[in-house]
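Novice: My questions concern the predicted model and sequence given below.
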Amino acid sequence: METVAVTLRAGVAMTVAAFALIVSVHAAPAPKSAALRTVRMVQQSIPMADGVHLSATLYMPDSAKANEKFPALLEYLPYRKDDATAARDYPTHYWFASHGYVSVRVDIRGFGTSEGVPTEREYSEQEQLDGEQVIAWLAAQPWSNGKVGMFGISWGGFNSIQMAMRHPPALKAILASMLPSSFFTMTSITSMG
């Protein structure tokens, strides 16, 4: 697969349509049918190497074929997915799932219904280590085609960039918008494919 070079600057965002295009090119073809898929929500516990479990909601497209595989799209935040952001999460994740992706919302360690103790600072090494494990877990699921994208606004955008810089093998695309610019001026991401 070709190498993709993406330059991101603070405050610059790609549109959802552009992200869907990037993920389609690098993860899976768009659904062949013009009809949207029905979606089901699944609550999941994702195990970390140290025994902590992170809480995830998977928005899954119903499969019309046996053994059909889907790419995953991950949003990884501390903002309590089961209460504080549920109304915001549903339309976004539902849209991706109805278009043939497993869209996943994960509470960071120590937040919401995820186990563990929150780290002493945001964007921590522990958050990144857990994020790598979440990506690997998503890529290894029986429904997965092994390819993962990440997206997010603000915190989720910045941790998407952090994850891309760590080069987890399954991470193929990110959409990062409205990032905290005080942490960087420009980041180049190469070899995401």
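Specialist: Yep, it's here.

Novice: Return the distance of stretch 50-69 from the chain's centre.
Specialist: Centre-to-centre, stretch 50-69 and its host chain are 12 Å apart (CA atoms, centre = their mean, to the nearest Å).

Novice: what about that stretch, how long is it end to end?
Specialist: 29 Å (CA to CA, to the nearest Å).

Novice: Same check on stretch 104-118?
Specialist: Stretch 104-118 stretches 20 Å from its first residue to its last (CA to CA).

Novice: Can you mark which positions in that stretch are buried?
Specialist: If you call a residue buried by 16 or more other CB atoms under 10 Å, then stretch 104-118 has these buried ones: 104-114, 116. C-beta: built from backbone N, CA, C; applies to glycine.

Novice: List the ones among these that fall in strands.
Specialist: The strands in this structure, assigned by DSSP state E, contain 104-107 from the buried residues of stretch 104-118.

Novice: so can I have TSV of the residues you listed showing pLDDT and distance to Pro47?
Specialist: Formatted as TSV, those follow (pLDDT from 0 to 100; distance: CB to CB, whole Å):
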residue	pLDDT	distance to Pro47
Val104	95	15
Arg105	92	17
Val106	94	12
Asp107	91	14
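
Novice: Now tabulate these in a markdown table and tack on distance to Met60.
Specialist: Shown next, in a markdown table, are those (distance: CB to CB, whole Å):
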| residue | distance to Met60 |
| --- | --- |
| Val104 | 9 |
| Arg105 | 12 |
| Val106 | 15 |
| Asp107 | 18 |
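
Novice: Ala164 belongs to a helix?
Specialist: Yes - under DSSP: H, G, I helix; E, B strand; the rest coil, Ala164 sits within a helix.

Novice: quick one: it and Ile174 touch, right?
Specialist: Yes - in this structure Ala164 lies within contact range of Ile174 using CB atoms under 8 Å: 5.1 Å.

Novice: re the thing from before, now tabulate the buried residues of stretch 104-118 in JSON lines and tack on distance to Tyr59.
Specialist: As requested, the buried residues of stretch 104-118 are arranged in JSON lines below (distance: CB to CB, whole Å):
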{"residue": "Val104", "distance to Tyr59": "7"}
{"residue": "Arg105", "distance to Tyr59": "8"}
{"residue": "Val106", "distance to Tyr59": "12"}
{"residue": "Asp107", "distance to Tyr59": "15"}
{"residue": "Ile108", "distance to Tyr59": "19"}
{"residue": "Arg109", "distance to Tyr59": "22"}
{"residue": "Gly110", "distance to Tyr59": "23"}
{"residue": "Phe111", "distance to Tyr59": "19"}
{"residue": "Gly112", "distance to Tyr59": "16"}
{"residue": "Thr113", "distance to Tyr59": "16"}
{"residue": "Ser114", "distance to Tyr59": "18"}
{"residue": "Gly116", "distance to Tyr59": "24"}
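
Novice: which among those residues gets closest to Met41?
Specialist: For the buried residues of stretch 104-118, the closest approach to Met41 (CB to CB) belongs to Arg105, at 9.8 Å.

Novice: how far away is the closest one from Ile153?
Specialist: According to CB to CB, to the nearest Å, Arg105 and Ile153 sit 13 Å apart.
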